[in-house]
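Novice: Mind folding the following:
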Amino acid sequence: MPENLSSILDSTEPTLLTTGWGRTEGPLWHAAGYVTFVDLAGSRLLRWDTSGQVRMVRERTGEGNGCTRDHQGRLIMCEGADHRRITRMDADGTVTTIAERWQGKRFNKPNDVVCRSDGSLLFTDPELRLEPALREIGFSGVYRIDPQGELHLATDACEYPNGLAFSPDESILYVAISRLDHRCFEEEQQGAVCTHRRIRAFDVAPDGSLSHNRIFCDMSSADPGVPDGLKVDTAGRVFCVGSGGIWVIAPSGEVIGVIRMPEVVRNLAFGGPDFRTLYLTPGGALSKLEVKTPGIGPRSSCGVGP
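Specialist: Residues are numbered from 1 along each chain as shown. Down below sits the predicted model:
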């Protein structure tokens with residue numbers, strides 16, 4: 001029997017947790033019972049706990065964006081401005097740069113990051129987010145930092161790589177593709193259908209290398225919003241922020257449905273004690289939805305965090 005959203009969701013209307021911030025991004029659940037998220041416009045990292053309180057964790061994040069935890073539980077962040085780098089923050093607040101250049105050239109604007117169970121990190125670096133005069137690399141890339149800290153170009157075959165996530169067994173890497181080129185921005189402004197919104201999939205070898213690049217799901221649409229953050233649940237379904245809301249996609253690539261949102265959501269993350277809560281970052285807010293199947297959270301081995 002075909003799946004539908006009612007069999008997947010416990011709630012269809014998001015619950016607002018906090019609002020009044022700049023453009024929110026990078027939600028991340030922590031085992032101690034709180035969520036960190038970034039105010040991208042304000043370049044700060046914030047922490048919301050279940051009492052409803054929000055406090056500042058870090059300022060001057062350089063337009064911090066997507067976040068995850070590494071294998072030791074430390075917070076990993078993509079920073080799109082200033083140094084254009086990937087950083088690691090220890091429990092005491094110490095921030096360390098772990099990647100900022102490819103072959104001596106500065107990244108474009110690192111966007112989102114995921115941790116593999118072997119401790120390696122993969123992150124996206126779309127070219128179009130940076131004005132041409134400041135570009136040093138000349139392509140959009142997905143990069144891998146291996147467990148020894150060495151940087152590798154995983155693929156340069158993604159038009160505008162944004163969010164990314166692994167399948168439950170880590171044999172597939174999904175990459176959200178927001179657009180193709182400047183013409184897509186024009187289509188967005190005109191309310192025209194953009195046919196370049198999609199998710200790509202790659203096979204992942206044991207050594208972390210990628211192959212068999214293909215289109216997993218066509219997300220063409222004229223609705224507001226583009227393929228952005230994405231996560232996967234334990235049944236292998238892909239939850240991808242996209243046009244009109246959150247697209248829920250079966251492992252086959254078939255669209256199960258779109259969870260309509262009142263405003264554009266940029267990213268999402270599974271969390272809660274049983275990982276049946278989907279935390280969302282729409283507008284300048286943090287909100288949540290409840291789901292019936294647990295999602296896949298950060299693949300860290302401990303709960304160290306800010």
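
Novice: Which parts of the stretch 101-250 of the chain are strands?
Specialist: Assigned by DSSP state E, counting those that start in this stretch, the strands in the stretch 101-250 of the chain fall at 101-102, 105-106, 113-115, 121-125, 141-145, 151-155, 161-166, 172-177, 198-204, 210-218, 230-232, 238-242, 245-249.

Novice: Identify the residues contacting the residue lying closest to A41 once chain neighbours are set aside.
Specialist: By the measure of Cβ to Cβ, 6 or more residues apart in numbering, the closest residue to A41 outside its immediate chain neighbours is G22, 2.9 Å from it. Every residue, glycine included, has its C-beta placed from N, CA and C. Residues touching G22, when contacts are defined by Cβ atoms under 8 Å, 6 or more residues apart in numbering, comprise 39-42, 284.

Novice: ok, now R116?
Specialist: For R116, the contacting residues are 122, 166, 170, 208, 299, taking Cβ under 8 Å, 6+ apart as the criterion.

Novice: Just the CA coordinates for the helix or strand of the chain with the lowest mean pLDDT, please, in PDB.
Specialist: Taking all helices and strands of the chain together, the one with the lowest average confidence (mean pLDDT, DSSP states H and E) is helix 182-190, at a mean of 86. Output of helix 182-190 as PDB, limited to C-alpha atoms (Å, rounded to 0.1, in the frame of the first residue of the first chain):
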ATOM      1  CA  HIS A 182      22.200  32.800 -12.500                       C
ATOM      2  CA  ARG A 183      19.200  32.100 -14.700                       C
ATOM      3  CA  CYS A 184      17.600  30.200 -11.800                       C
ATOM      4  CA  PHE A 185      17.700  33.200  -9.600                       C
ATOM      5  CA  GLU A 186      15.800  35.100 -12.300                       C
ATOM      6  CA  GLU A 187      13.200  32.300 -12.600                       C
ATOM      7  CA  GLU A 188      12.800  32.500  -8.800                       C
ATOM      8  CA  GLN A 189      12.200  36.200  -8.900                       C
ATOM      9  CA  GLN A 190       9.700  35.800 -11.700                       C
END
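
Novice: tell me which residues in it are buried?
Specialist: Neighbour counts using 16 or more other Cβ atoms under 10 Å place 184, 187-188 of helix 182-190 among the buried residues.

Novice: again with stretch 76-92
Specialist: 76-81, 84-89.

Novice: Okay, now the unreliable bits of the stretch 201-306 of the chain?
Specialist: Flagging of the stretch 201-306 of the chain using pLDDT under 70 yields the residue ranges 300-306.

Novice: just to revisit the earlier point, who touches the least confident helix or strand of the chain?
Specialist: Looking at what lies outside helix 182-190 - Cβ under 8 Å, 6+ apart - the contacts are 128, 178-179, 193-194, 196, 222, 224, 226.

Novice: Now rank these by neighbours and give me the top one.
Specialist: If you count neighbours using other Cβ atoms under 10 Å, the busiest of these is S178, which has 28 neighbours.

Novice: Thanks a lot, see you next time.
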